[in-house]
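Novice: Next come a sequence and a model predicted from it.
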Number of protein chains: 2
Amino acid sequence: MENTQTYIRDDFWQDYTELVRQTVIPYQWEALNDRIEGAEPSHAIRNFRIAAGLEEGEFGGWIFQDSDLYKWLEAVAYTLRHYPDPELEKTADGAIDLIGQAQHENGYLNTYFSIKEPGKQWTNLYEAHELYCAGHLIEAAVAYYQSTGKRKLLDMACRFADLIDRLFGEEPGQIRAYCGHQEIELALVKLYKATGEERYLNLSSYFIDERGSKPNYFIGEWERRGRTSIWSQGMPNLEVYQSHLPVRDQTAAVGHSVRAVYMYTAMADLALLTGDDKLREACERLWDNTTRKQMYITGGIGSTHLGEAFTFDYDLPNDTVYAETCASIGLIFWARRMLRIEAKSDYADVMERALYNNVLGSMSRDGKHFFYVNPLEVWPDASSKNPDRFHVKPVRQKWFGCSCCPPNVARLLSSLNDYIYDVSDHGKTVYTHLFIGSELGFETANRKVTLRQRSELPWSGRVEFAISVSDKANAAFELALRIPDWFQKGLPVLKVNGAEHAYRVENGYAKLERDWSDGDTLEWLLPLESKLIAANPLIRANAGKAAIQRGPLVYCVEETDNGAPLASISLAEEPNLTDRFVSDLLGGCIVVEGDGLAADESEWPADKPYQPLGKRSKPVRFKAIPYYLWGNRKPGEMSVWLRY
Amino acid sequence: MENTQTYIRDDFWQDYTELVRQTVIPYQWEALNDRIEGAEPSHAIRNFRIAAGLEEGEFGGWIFQDSDLYKWLEAVAYTLRHYPDPELEKTADGAIDLIGQAQHENGYLNTYFSIKEPGKQWTNLYEAHELYCAGHLIEAAVAYYQSTGKRKLLDMACRFADLIDRLFGEEPGQIRAYCGHQEIELALVKLYKATGEERYLNLSSYFIDERGSKPNYFIGEWERRGRTSIWSQGMPNLEVYQSHLPVRDQTAAVGHSVRAVYMYTAMADLALLTGDDKLREACERLWDNTTRKQMYITGGIGSTHLGEAFTFDYDLPNDTVYAETCASIGLIFWARRMLRIEAKSDYADVMERALYNNVLGSMSRDGKHFFYVNPLEVWPDASSKNPDRFHVKPVRQKWFGCSCCPPNVARLLSSLNDYIYDVSDHGKTVYTHLFIGSELGFETANRKVTLRQRSELPWSGRVEFAISVSDKANAAFELALRIPDWFQKGLPVLKVNGAEHAYRVENGYAKLERDWSDGDTLEWLLPLESKLIAANPLIRANAGKAAIQRGPLVYCVEETDNGAPLASISLAEEPNLTDRFVSDLLGGCIVVEGDGLAADESEWPADKPYQPLGKRSKPVRFKAIPYYLWGNRKPGEMSVWLRY
C-alpha cells in the first residue's frame, strides 16, 4: 500500500482495539515487570536490567524471553499511531533506553547470552533463538520509528542487523547458517522497507535460500557442540524446524507451526519484492496444503502439542489439538502477504477465519487472560486428569512462562487497520478484504479519496461505503469487494447510490470500475445465515459431525448452556436453527439455537458401561454461542462440532 | 479349587494353546537369547550369563529384564503340565541352572544390580523393580515345581523370599517399604499355597498393608537418593504407583494399570485367605470402578500411554488409548480371584471379554508378533506422523525392548485351563465360568466325577456337558453354569438328557442341584446373535457410535475390507446384520456384514476442507471381522466403533 492511511471505526472491533490499548498493553507491561500476582513471572525486564548492569541476578525465563518485550513495544507503537499517549510513550522510551544499555558495543543484543552464556553466542542457532529475538527487535524498531518518528530503537536494530549481516553469509569467515526459529527473515524485509537498505533484503533472502541446504548446518553444529541440546535429545529434527529441504522444494507444511508460518510470511514478502516465481509457487503450494488440509475450521493450525507442530494432511483432532494462538497470528501475517502477491479472496477468507475465531477466542473479554492452545473440544476433567490433554486448558491463563502469545495478540489487534484494504497500482484498484468499519485515505490520479466503510459484522451482513473525493471532484478507480466464502447464495447484491448495480467477479472479488463522485455511496449486502458446515470426509475427527457458522463466526456449544456430556447431544434431522441477539450475554452476541436429540439417561441403569443399542432419545433445544466467546463463564465442556 | 484337574479339549482354544506350545515358547526362547533377526534384543539370558560370571559385558535392556525369563519359564511350566516335552524341560532346567549361578550367597537375585549397581540393592524400591522380579521368579518357581515336581527353582525362590522376609517389615533394622511395581504380593500368596509357609502369606499382607502409609516411603527414599530418579523427573508420583493411599481407602483405579491390577489380584487373594472384609470391600469397589467406568469394550484398561495409566471415569479414547496387553491379563488374574471370593457372573463376563478380545488380539496368528497397545481405532498415518499416537502400532511387532507382554500372553494361554471352572465346598458346587471345551476331574462325596464340556464358541453358542461318575455310580452336586452378559433374550435353555429343565438363577449362574448319574448329559443353549452395542453416554468417545458384538467377540471393521476412511462409514437405520462363516479367512471366522452409509466423495471438490453440510450419502455393505483377528492382513485403518 502506498500513501494510504486506515483508521478503524467499528463497533465490534473497537471494543478490542480499545481493550488492547487500555487494558492489554498496561497489563502486559505489569507482566513483563513481574508484577501480576499469581501469574508466572516473565523475567523479561529484569533480564534486561541484569544485562545492562543495573541489577545483580540470574537470567530468568525462556531463552527467547527478550522477544516478549519487543513484541510489547511493537504493540505500543501501533497503538501510538492512532492514540497519542505521552505517558505510554515515556514508558516505551524508558524500555528502549534499557534495551540500549544491554546492547553490546558491536551491536549484539541478547540478554540470555549476555548473562548466562557470554562467549557462547552463535553456537546454538538450532535452539538459542538469537536471530529470532533480533527479528522481534527489528519489528518493534520499525514500528516504533514509523509511529513516533524516533530513531533510537531503529538505530539499535540496524546496528544489530549490520553485525548479523557481517557475521552470516557465504563469504569466507562468515557463518553459513540461519536461525532455528524463523522470524528475522520477515523482520529484515520490514527493515529494508523502512530504511531502503538493500542489504537487509539480501540478508533476508540469504537466510531463506540457505535454509535446508546440504550439508545441514544444524547437524554439523550439534556435532560441534558435542551432540548436546537444550531441549531435545538426539540429533536435531530437521522437519520440526523446516530445514529438511530447501524452502522452494517444500510442498507440505511440517514441523513447528509458528516457525513454519513466520517463514512462509517472509517467503511471500521476498517473492513479491524480488519477483522470484519459484518462491511464489512454493508459497502457493504450502498455502494450499496448510489451509486446505491442515487447518481447523477456526483458523487454527498445529495438530499436536509435541513440537507444537503440524502432523499431516487431514489429521485435525479436536481434543488433543494444539492450534496455538501465535500460529494463527502467523497465518494471518502470511495471508496478508499472499494478498499482496495476488488479491484472491481465498487468502482473505482464511485471514478472516483465523481472526474472528482462533485469535479473538484466545483472549478473555477482560483482556487479561489468554489461551495458548485453542481447542475445538474441551472436557475439563480430561484436561486435568488425562496427561495427553494437559496442554488443553479449559480456562484462560493470566500469563505464561512461555508467553509468546499474549503480546502477539496485542500487536496484531493494534495493527488491525493494516489488514483491511489494499490499494494497488497507485490507486487504480482499491481492495476491501475485511468488512471492518474504517476510514481509508488514499490518492489516485492526484485526487485524495476517503473511503468510509460501515459494517455491522459479525452480527449483520450489511456493509456500506461512502466515498469522499477532495475538492468535491470525481475520481476514477476500481473498487474490489471481497465475496466471502461464507456467503453462498449466489452473488451478493451491490447497490450504488441506492440502486442495484452489476459488477464483474475476479478472484473472488466483486469489481466495479467507475468515475466516482464525491458523496457516492455503496451498499454491499451479505445477509447472514446460521449454517451447518461439514468437514471433508478425509478429516476423520469430524466424520458425522457438523459445525455451526454464521458469517465469519464459528459457533460452539458450552456445558453451561447445554449440560454435560455435550457429546450426547446430536442435531435433529431438521435442526431449525434460529438466531437472536442477546444483549446481556457476554457483552452482547447472537446466540444460535437448534433442535437436537440427547441420549436418554433413563436407558442407562447405574454404572453400566455397555449395553445393546437402544432407540430412545429425548428432544432438546441446544444453544450455541460464538466460539470466540467460549470459556468466559463457568468452566465446563465445550464443543465446536456436533453430531448429526 | 481342590483336587481338580482340567484339560482343554477345544477346537478354538487348542489352536492357541498349541500355538503357544509349538511356536510362542520356542520363539520367545530365541528372543530371550537375542536370536531373532530384526527384533530388538532382549538381553535377558545374556544378563544372567554376565551376572553368573560366564560372560563379560554390560547389563542390557530394562531394569526388570530378568522377569521376561521368569515369565517364559512359568509358561513352560504350564505347558509341561499337559504336554511332557523332555527337550523343552531340559532347556528350562538349563535356564534354571543359569539363574542359580547368578543368585548370591544370601539368596539375592537380580542381574541389574549384580552387574550394574552392586551395593545399591534396595535403594530405589520406587523404580528398580527388584521385588517385582523376585515375584516373577517366585511365580515361575511355583509353577515349575507344580508341573515337574522339581524343587531347584522353588528352593532358590524360597531363599530369596526368606531374604526379603528378613529385610522387610516393621521390626527395628528392617526396611519399612514395598515395591514400586506390585507383583511380589500375588507371588507370595502362590508361594504360601505351594509351601504352606505362613510367613510368605504374612509378608504379602505386610506389603499390601504398608502401601500408602504415611510418611510415604517413596518420598523419603527419593530424598535419600538426592532427589534422583531413573525415569521420572521430580518427586515420585504416588498415584501412578498406587501408593497415594492405604489400599483399603482406595476407591478408584488410578495410575499404572498393570501395577494396579496386579495389586488388586493380591488384595483379592488375601481377602479370601484372611477373611479381611475391608480388603474384600476395597476389591469390590475397585472392581466396580475399573470395569464399569474405566474399561474398554474389548476388556482393555489404561487410557493413556503417559504412565501407561488409568486416567479417570468414562475417559476411554479409542485412538490415543493404551489398553496394554499385560493390563488385560492382570485384569483376568484379578477377575479369577474375585470369582473365588464370590461366584458372580460379572467377574467371569469381564474375564471372558478381556480374554477373547484384548488379550487374544494382542498376538498375531503366527504367534510371533505382538501388540503391546491394543487400540480400538487405528489410522496408520497417524501412528507414524502424529506423535500423540506413536505408541499405537498398526502392525504387531516381533519383540519389544520392553517385552513384558508376549511372555505374559504365553503364561496366560498355557494356563487357561485354570480359568474355566471352580469346584467349591469339596465338590458341592461346580461352577463353569467359561465355555471352553475341556475335561474337569474332581471329587465329591468320595466319588470321582469327570465333567466333559464341549463348546462351539465363539462361533456357535451350543455348549454340551457329559458327566461321568466313577464306578458308574451317582454323585450329588450342584452344577452352576454362567449366564453370559451377552445372552440377552431372557434366560438360556438348559436341557438335561435331552429334556428342557428348569433351574434357579443366583449371581448370574444357572444352578441345578441333582443326583447326577454317570452318563448324564446337559445342553446349555446360548444362541449367538450379532448385536449393536452402545456405550454409556458418559463415555464421550463413543457418543453416537455402536460396536458389533457376537457372543463374547467384539467385532471391528478394517480398511482392507471396507476402504478408507473408515470414519466416513455409518450404520444404516436398519443395518440388517448378517453373519456367515468364512472358512478361508484368517483361519476361519464368522464375518458380520451390515448396511451402512458412506460419505459421497462427489460432494467434495478437490481439497475443500469445509463446506455446507450436504445431504447425500451412498449405501455400502460393510464387513466386520472379530477384533482379535485385526491386523493380520494388509495394514490399514481399523475401527471397533461405528457411527449410527
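Specialist: It's in.
Novice: Which residues of the stretch 501-644 of chain A lie near chain B?
Specialist: A:531-541, A:543-544, A:546-547, A:565-568, A:570, A:599, A:601, A:604, A:607-614, A:643-644 (CB under 8 Å from any CB of the partner chain). From N, CA and C alone the C-beta is placed, and that goes for glycine too.
Novice: Stretch A:494-507: end-to-end distance?
Specialist: End-to-end distance for stretch A:494-507: 17 Å, by CA to CA, to the nearest Å.
Novice: An error on my part: the question was meant for stretch A:205-219.
Specialist: Start-to-end span of stretch A:205-219 (CA to CA) is 22 Å.
Novice: taking the mean pLDDT, what do you get for it?
Specialist: On average, the pLDDT along stretch A:205-219 is 96.
Novice: Quick one: residues in contact with it.
Specialist: For stretch A:205-219, contacts defined as CB atoms under 8 Å, 6 or more residues apart in numbering or on different chains pick out A:125-126, A:131, A:168-170, A:176-180, A:182, A:184-185, A:188, A:235-236, A:238, A:241-247, A:249-250, A:263, A:266-267, A:270, A:274, A:279.
Novice: ok, 6 Å please
Specialist: A:Y126, A:A177, A:Y178, A:E185, A:P236, A:L238, A:S243, A:L245, A:P246, A:V247, A:L270 (CB atoms under 6 Å, 6 or more residues apart in numbering or on different chains).
Novice: With stretch A:416-435 instead?
Specialist: Stretch A:416-435 is contacted from outside by A:1, A:4, A:6, A:8, A:336, A:343, A:348, A:352, A:436, A:438, A:440, A:442-444, A:455, A:457, A:463, A:477-482, using CB under 6 Å, 6+ apart.
Novice: okay, now the domains of chain A?
Specialist: Segmentation of chain A into domains, based on automatic domain parsing, reads A:5-419, A:421-525, A:531-643.
Novice: Please identify the most buried of those.
Specialist: For the domains of chain A, the largest average neighbour count (mean count of other CB atoms under 10 Å in any protein chain shown) is found in domain A:5-419, namely a mean of 21.
Novice: May I have the distance across that one, first residue to last?
Specialist: By CA to CA, one end of domain A:5-419 lies 12 Å from the other end.
Novice: what about it, distance to the chain center?
Specialist: Centroid displacement of domain A:5-419 relative to its chain, using CA atoms, centre = their mean, to the nearest Å, is 10 Å.
Novice: Work out for me the element the residue nearest to A:E56 when sequence neighbours are not counted sits within.
Specialist: Closest residue in space to A:E56, ignoring its immediate chain neighbours: A:I50 at 7.0 Å, by CB to CB, 6 or more residues apart in numbering or on different chains. Applying DSSP states H and E as the criterion places A:I50 in helix A:44-51.
Novice: centroid residue for chain A?
Specialist: A:I329 (1.0 Å; CA atoms, centre = their mean).
Novice: quick one: contacts for it?
Specialist: A:V359, A:N408, A:L412.
Novice: what's the closest of those residues to A:D85?
Specialist: Ranked by distance to A:D85 (CB to CB), those are led by A:L412 at 19.3 Å.
Novice: Just the pLDDT at that closest one, thanks.
Specialist: For A:L412, the model assigns a pLDDT of 95.
Novice: what sits up against the lowest-mean-pLDDT helix or strand in chain A?
Specialist: When each helix and strand of chain A is scored by mean pLDDT, DSSP states H and E, helix A:405-413 comes last, with a mean of 88. With contacts defined as CB under 6 Å, 6+ apart, helix A:405-413 is touched by A:16-17, A:20, A:24, A:28, A:68, A:71-72, A:74-75, A:325-326, A:329, A:362-363, A:370, A:372.
Novice: Kindly report the same for stretch A:332-345.
Specialist: Against stretch A:332-345 from outside (CB under 6 Å, 6+ apart): A:261, A:264-265, A:268-269, A:272, A:347, A:350-351, A:354, A:419, A:431, A:482-483, A:507-509.
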